[in-house]
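Novice: Next come a sequence and a model predicted from it.
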Amino acid sequence: MAMTTAYLDAIAAAGRTTVTHIGLVNGSGVEISGGSYARKAVTWTTSSSGTIRPNADLTFDIPSGSTVAGWRGFSASTSGTNYGGADLTSQNFASAGTYTLLAASTAINHTAA
């Protein structure tokens, strides 16, 4: 039996308080490090049918020689629990730069599979 939208939204609301930071990972799933890279605090939208999104784009400083290939949700600004995320189209940075994770393209979907 599929769960109701009310249930999915309740679970998503719990997720909004659990995933407090977003970090970027390379193609091996290892978080980027070095330079002035840091995870970004995230505030999530109110759930809509079990889906939450960051309420704003997040811009990260990327060190030279890094590859951005995905994002992960974490419970803290450093260390903490990695709750998973999604793959992105890989982008290589031959020199230091910035990467903007678009809120409109980023989501956590709580669905009744």
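Specialist: Thanks, I have the structure now.
Novice: Now for residue 41: which residues touch it?
Specialist: 20, 21, 77 (Cβ atoms under 8 Å, 6 or more residues apart in numbering). (C-beta placed from N, C-alpha, C; glycine too.)
Novice: how much space between it and residue 19?
Specialist: Separation of residue 41 from residue 19 (Cβ to Cβ, to the nearest Å): 11 Å.
Novice: go on, residue 67?
Specialist: Counting by Cβ to Cβ - residue 67 and residue 19 are separated by 23 Å.
Novice: Look at the two and report which has more neighbours.
Specialist: Set side by side, residue 67 and residue 19 show more neighbours around residue 19, with 23 against 16, by other Cβ atoms under 10 Å.
Novice: Can you tell me what sits against the strand or helix carrying residue 87?
Specialist: Assigned by DSSP states H and E, residue 87 belongs to strand 82-93. Here strand 82-93 makes contact (Cβ under 8 Å, 6+ apart) with 18-19, 22, 25, 27, 62-75, 99, 101, 106.
Novice: All set now, cheers.
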